[in-house]
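**Student:** Please work out how this folds:
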Amino acid sequence: MLRVLIDACGWVAVIEAGINIDQALLDCVGTKELATVPNVISELKALDDRKLLITMLQSKAELLTAKENAGNHTDDQLLALSKENNWPILTVDTELKRRLSQSNLSWIEVSGRSHLRYVG
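**Tutor:** Take a look at the predicted model:
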């Protein structure tokens, strides 16, 4: 089943843009199934003063644990899960997008502060 992995900066961009994540993902990639890693939740909690709707993400996304050899860094864990499952990552992180591109993996980004764009 196709899922979209959520990176902290991607979630922040979606919330700040006021995008309806379910409808936007359905329109963009045909699914609204989300997954993330515990590190993303921790990163968002560190920014909690910005009201990032963490509980909404937690209720929508399956919390996954990357394999041990993925390392401790959030981007490494998301990249490993993306490779393993061929799932795109919702992110606006330039470095992560560069790494995804080098690995021939896809991502979804907030474009024009109003909609999602699939890059694959």
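
**Student:** burial measure for Arg117, as a count.
**Tutor:** Residues lying near Arg117 (other CB atoms under 10 Å) number 12. The way it works is simple: take the backbone N, C-alpha and C, and place the C-beta from them, glycine included.

**Student:** Double-check that it belongs to a strand.
**Tutor:** Yes: membership of Arg117 in a strand is supported by DSSP: H, G, I helix; E, B strand; the rest coil.

**Student:** which ones are touching it?
**Tutor:** Residues near Arg117 by CB atoms under 8 Å, 6 or more residues apart in numbering: 28, 108-111.

**Student:** rerun at 6 Å
**Tutor:** By CB atoms under 6 Å, 6 or more residues apart in numbering, the contact set of Arg117 is 109, 111.

**Student:** Can you give me the distance of it to Asp93?
**Tutor:** Look at Arg117 and Asp93: by CB to CB, to the nearest Å, they are 15 Å apart.

**Student:** elements contacting the longest helix seen in the chain?
**Tutor:** Taking DSSP state H as the criterion, the chain has its longest helix at helix 74-85. Applying 3 or more CB pairs under 6 Å, 6 or more residues apart in numbering; DSSP states H and E, we find helix 74-85 packed against strand 4-6.

**Student:** Direction included, what does the strand it packs on pair against?
**Tutor:** strand 34-36 (parallel), strand 89-90 (parallel) (DSSP bridges).

**Student:** what's the next helix or strand after it packed up against?
**Tutor:** Helices and strands here follow DSSP states H and E; after strand 4-6, the next one along the chain is helix 8-17. Packing partners of helix 8-17 (3+ CB pairs under 6 Å, 6+ apart): helix 38-46.

**Student:** which residues touch whichever helix or strand comes after the helix it packs on?
**Tutor:** Counting by DSSP H and E, the next helix or strand C-terminal to helix 38-46 is helix 54-60. Residues outside helix 54-60 that contact it (CB under 6 Å, 6+ apart): 11, 34, 44.

**Student:** Apart from its neighbours in sequence, what residue is nearest the second one?
**Tutor:** The one in question is Leu34. Ala61 (3.8 Å; CB to CB, 6 or more residues apart in numbering).

**Student:** List the residues that contact the one you found.
**Tutor:** With CB under 6 Å, 6+ apart, Ala61 has these contacts: 6, 34-36.

**Student:** That'll do, ta.
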